[in-house]
Structure formats: C-alpha cells, structure tokens
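**Q** this is a predicted model, with the sequence first.
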Amino acid sequence: MASPVSVYHPSSLDSHIASTGRNSLKMELLADVSLLPGEDRITDQEIIYMCPFNGAVKGKVFITNYRLYFKSSDADVPLALDVPLGVISRVEKMGGASSRGENSYGLDITCKDMRNLRFALKQEGHSRRGIFDMLFRFAFPLSHSLPLFAYVNQEKYTENGWFVYKAMEEFRRQGLPNNKWRITFINKSYDLCDTYPTVLAVPFKSKEDDLRRVAAFRSRGRIPVLSWIHRENQAVIVRCSQPLVGMSGKRNKDDERYLDLIREANDTTKKLTIYDARPNVNAVANKATGGGYEGDEYLNAELVFLDIQNIHVMRESLKKLKDIVYPNVEESHWLSSLESTHWLEHIKLVLSGAIQVADKVSSGNSVLVHCSDGWDRTAQLTSLAMLMLDSHYRTLRGFQVLIEKEWISFGHKFASRIGHGDKNHADQDRSPIFVQFIDCVWQMTKQFPTAFEFNEHLLLTILDHLYSCRFGTFLYNCESVRDQQELRSKTVSLWSLVNSKMDIYLNPFYTPESGQVLYPVASMRHLELWVTYYIRWNPRIRHQQQSPVEQRYKELLALREEYLKKLEQLQLSDSSSPYQLANSTTPNTTSSTASTPSQQSTMCCMKEAELQRGRGATERGNRRAETEATQRPGGKRNRVERSVGAESCPDLI
C-alpha cells in the first residue's frame, strides 16, 4: 500500500516541536470574520476553548445564525475557529454546577467534518445556559421550526449556478434521443417515481404503460433508466433499484422484457450485465423484506455482486477513522489502526466496482447497476464509471453536471445521510456515502494528475458545503421535495460560488484528452488516506506546500495568456493599420525589441516551449511512473491508459 499518510513525519516533527516550543503548534489566525449577507450575530460570550494541541485558550465566542466563531484573547496563542453551524452534529453539556476540577463545566461539540470542540465556562450563574440554548437552536433549525441558513443567505454572484445542469442539454451532448433511446416526460409530475427526475431516457421500443408496470416491480418505483451512452459503441449504463422478488420468488414478465429491450438497444450486447452493488448475502437477506435480485428467469442477463457494504457499515467505518485521526495520530500503531477502520478497503471496493462497469461499457457491452434502493452505492458506481469513461465530466463544469445529474437529480438522500438542521445525531439513516465518492475522485486525481481540470481545493470546498447549509445545492432528498420548497428561487447554488472564482479551482497540469478512458489501480498498495481532508484540523500534520514546479507552471500559464492576448491585439491592429505596429511593445518585459507580429509570435513560441519544459519536468515527477496491468473481468487484459502514470507526480495536486 502506498504511504497512507505521505505528509506525516512524526519523528522529525516531534523534534521540531521540542526545539521550537508551543509556538510551532499555533493554528492559523483568521482575520475577524466578515458576516455574509443575511447573517446576523446572535450572541457572544467570554469562554475557554479546550484546544487538544495548545491546552486551555481564553477568548470570546460569537454565534450567528450561520456560524460559531471563536477568537483567542491570548497574544501568545493567536487561535481562531470558524465553524458553520451546519457542520455541528451534536451539542452536549459537560459537567454540572457542582463539578470539581478546572475547566470541567462547559460544552462538548461533535462535528461532521472529523473534529470535536470543547469549551469551558464559569460555573457561577449557570453561564452556559444561554449559549447552549442559542447554539442548539441555530445549529438544528429544522428541529425548532426555523429555516435553514440557505433560505436566509442573500449572497449575489455573477453566475447563476442553478443553470449549470439542464437534463435535455446533457442528453443532447450524449447524442440522445436516437433510434434506440427516447426521452420521456412520464414523470413530469413525479407520479411514476417521486424520487426520480422529471426527464428520463428509456428504450425506444418501450411504451408508457410498460414503464408503469415495471415501476410496480422495482423498489420505490425506480425503474431502469439510462445514465450514460457510449457514443461509438452505443453501450449504456442504466441505473435502477432492486426488483421486488420477495421470499416467494415473484416474477414480472414486463420487467424481464424491459431489461431485454435495454440489451437489444445495443447490437453487440449478447448478455446484459447486471451489477448488484451489494454482497450476495445482503441481497438474499433483502428478500425477507420484499426485495431481492434478478434470478435465472432473466435469460439474457448475467448477475455480478460487487460486495460493497451498506450505509451502516460505512458510517461505523468513518467513526473508527475519526477516532484514530483526531485529536491525536498514534504513530507507533498507525498502519494497524488505519487497517482496522476498513475505510480504504471500502474505497477500494467502490473503485473496483466502478472499474468493472467502465471496462464492460468500454468493451461494447451494456450494463445495469443497482443496490437496494438505487440512491447510494448505485450513484457511487455510475458516477465514478462515467468519470472514467467521459472526459467531459473531468472538466470543472462537467464535474458539476455529474454531481447534479447522478446524485442530486436521481435522489441521493442528502438530507437523510447528512442530517441538515436535524438534532437527531443518532439517526440510522446517516452515512458518508457522498464523502466516499469524493474520496474516490481524489484517489483518481492522485493517479492521473493531468486528467482533471479541477484541483483538490474544489473537492474540499464541495465537502465543506455539503454540511454548511450555506447553499441549497445539497439540501433535501430528491427533486420533488426541492420543487415543493422552491429551492432554486429561494437559495443560492454552490456552483455560483465556484464559477465566480474558477481560477482557484483549476488544475495547472490539466491536459485535455477527449477519448481517454481512465482505469485507476484499485489496490491497497496504490490507495492513500486523504490526509488533507481527514487530518487537516491537526496542526501537527504538515500540509503539502505548493511545489516550485506547480508555482512556475501557473506563472507560465498566466504569461502565455498575456502574450496570446497581446498577439491577438497586434494582429487586429495589423489588419486595420500596419503602421501602428511600430510602436507596439511586449507586456511586462524590460525589452521593447519584439514589436512586430512575427516577433511577438516567436516570443509566444519561446514561452510555449518553456511551458512545455515545465510540463515535462512535472511529468517526470518525483518518482518513476509505475505501470501495472490488471485483469479484465473474464480473464482479458485490462487497458491501463494513463495521462501521466498511476504514480507520476503524486504529490503535486
């Protein structure tokens, strides 16, 4: 397994701490926070933050309707905390009025983003009552009949992020409709399936009555519908929920025929491969509750179980991971502790399943993907496979479309899995399914550092606002509820923020390759713990600094854009008034000799060559590229296409 904490060097860091003292553990001092439009200060109070790294830190806490903000009053420990209230999972009182011991009376706050906070107050006069009540009220607004902050937020952006994804535009981009697949609006009023979008792609030969009969045999009415089609070989990825077979082994000939229509829509698909994300034993157990899986009566289909565990196992795995990374990382037993969480093992299984889906479709065979209800593991598999197959989804805007399409519009239960504004922290529906997906995407960006237009900062921003409730993007469980709550007209989209400052989310190493299929290596040797996310709150962990190569590359990109713009201006000037060229000068240079279009073009070529040298240095990286051939399903050799290599330049993004 690749170093799971590649930036963690406890021995050298401990000696550094000993030599530099407490100041080396100072957390970043944030400037006094500026309130967002619509954000109001609720209360403030003198308090002591029980920092797990610096000990007791005196300061003041401010609570608004959006965040908890703490700032130390100790000049020797310039510490600040800025915590969106949506991140808070649990608030508990610590100690009582008669508790003994210093700083034993206060509040314990459990967060959804891998950190816990503890504050101590004076025992006299029940000083915590007011702050506890306000914090509890505004951290869990839905439990107190209050609106989520997204409905109060008045931020304005130049671009409306709600227009990033339009279902018909995305279908047209994929070449739909065609003579094998049609677009249906049978669900325009959410009558067929209340957790599906209104626009669906189904086999051309299917009738509306067929769809209704199939819906009656699929859990929650989530019928098989097209997610993605391969432009060349016409193989498709279809998603749905489990069939309602039950213990008696019920059959539905309409469902069987419908799956055959999916198979027939692609001439090269002899057998439709059904990928059931669940372990076999779980699928069998679901029969007891009326569910199940496709049996032998589906004559032209083959069933493959992918052994991905359910939401409860994933929730417990993340809890174990949190226990070993916050507040302390135990170096002596790190590898065994990490292994005991099984987190990377789950990441491996999700990635491995998506690779099988992508490989099958790339080979010209259509696939159907489902789990139990088709909104958790199914979304992980379809979206990751589409990311591997379609380079459009690896662009900044394309990735937004992928999330909007496969996760938001198809009803991943964000409200239930995250618990936005809900005080019931022990709800068994909560699970880090979407976090796992983003982790898998991060793993892919590590193995293919030039294949993605976006950088790690985008992934971190997405996860931060998954919890924050600042934007409406991840609120509620499905489109029908979002429409009822008038989400698009009353809240701001996260993509409005992202697309208003795109530069900070761009990967300078991005090299567009439209036809490339990515096959990440899903082995424990190649997977890493995402330190920058899971352990970012620990100041003892050295965060990766931007490499000189990356910084130089960004400078060259900016310089190239500058020269190209100048060249365009000169060419326009040349076409209208050639005499004006004599006075043209190059931008930001000490020499003014390059004053003709040909000289400008030469200079651009020189800068482009320097840019290519920078890219070459990047691609050589810090270690040699390792090419590992993995087996295709069925024994064929897998094509491992790499933008730079599975492990080339792993620490530069």
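**A** Everything's here; your move. Residues are numbered from 1 along each chain as shown.

**Q** drop to CA atoms for contacts and neighbour counts, all remaining ones
**A** Will do.

**Q** ok, Leu79 touching Val61?
**A** No: here Leu79 lies out of contact with Val61, judged by Cα atoms under 8 Å, at a distance of 11.8 Å.

**Q** joint contacts of these two?
**A** Lys71 (Cα atoms under 8 Å, 6 or more residues apart in numbering).

**Q** could you list the domains of this protein?
**A** 31-139, 161-534, 548-620 (automatic domain parsing).

**Q** burial of Asp82, as a residue count?
**A** 15 (other Cα atoms under 10 Å).

**Q** wait, I meant Asp503
**A** Asp503 has 11 nearby residues by other Cα under 10 Å.

**Q** quick check: which ranges of the stretch 1-150 of the chain have low pLDDT?
**A** 1-32, 97-101, 125-126 (pLDDT under 70).

**Q** in the stretch 401-550 of the chain, where is pLDDT below threshold?
**A** For the stretch 401-550 of the chain (pLDDT under 70), the answer is 541-550.

**Q** still on that earlier bit, of all the domains of the chain, which lies closest to Gln154?
**A** domain 31-139 (4.9 Å; Cα to Cα).

**Q** what's the helix or strand for Val91?
**A** Using DSSP states H and E, Val91 sits in strand 88-94.

**Q** that strand packs against which elements?
**A** strand 106-111, helix 128-139 (3 or more Cα pairs under 8 Å, 6 or more residues apart in numbering; DSSP states H and E).

**Q** of all those, which one is nearest Trp537?
**A** Nearest of these (Cα to Cα): strand 106-111, 11.6 Å.

**Q** next helix or strand past that closest one?
**A** Counting by DSSP H and E, what follows strand 106-111 is strand 116-120.

**Q** just give me how far that following strand sits from the chain centre.
**A** 28 Å (Cα atoms, centre = their mean, to the nearest Å).

**Q** which helix or strand contains the one residue sitting closest to the centre of the chain?
**A** Closest to where the C-alpha atoms of the chain average out (Cα atoms, centre = their mean) is Ile438, at 3.2 Å. Assigned by DSSP H and E, Ile438 belongs to helix 433-447.

**Q** C-terminal to that helix, what's the next element?
**A** Next element after helix 433-447 (DSSP H and E): helix 456-468.

**Q** how about that following helix: buried residues?
**A** Glu456, Leu458, Leu459, Leu460, Ile462, Leu463, Asp464, His465, Leu466, Tyr467, Ser468 (16 or more other Cα atoms under 10 Å).

**Q** the residue nearest to the fourth one when sequence neighbours are not counted: neighbour count?
**A** I take that to be Leu460. Distance criterion Cα to Cα, 6 or more residues apart in numbering; nearest residue to Leu460, sequence neighbours excluded, is Tyr533 at 6.9 Å. By other Cα under 10 Å, 16 other residues sit near Tyr533.

**Q** send me the helix or strand where Tyr533 lies as PDB with only the CA atoms.
**A** According to DSSP H and E, Tyr533 maps onto helix 531-534. The C-alpha trace of helix 531-534 is given here as PDB (Å, rounded to 0.1, in the frame of the first residue of the first chain):
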ATOM      1  CA  VAL A 531      -4.700  13.500   4.800                       C
ATOM      2  CA  THR A 532      -5.600  17.000   3.600                       C
ATOM      3  CA  TYR A 533      -9.200  16.300   4.400                       C
ATOM      4  CA  TYR A 534      -9.400  13.800   7.200                       C
END
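
**Q** could you point out which element follows it?
**A** Next in line after helix 531-534, if elements are assigned by DSSP H and E, sits helix 548-576.

**Q** only the buried residues of that following helix, if you could.
**A** 550, 553-554, 556-557, 559-560, 563, 566-567, 570-571, 573.

**Q** repeat for stretch 390-409
**A** 390-409.

**Q** can you list contacts of it?
**A** With Cα under 8 Å, 6+ apart, stretch 390-409 has contacts from 164-165, 167, 196-197, 227, 375, 379, 382-383, 386-387, 451-454, 474, 477-479, 495, 505-506, 512-517.

**Q** coming back round to it: wouldn't the residue nearest to the centre of the chain be in contact with Leu459 here?
**A** Yes: counting by Cα under 8 Å, Ile438 does reach Leu459; the two are 6.6 Å apart.
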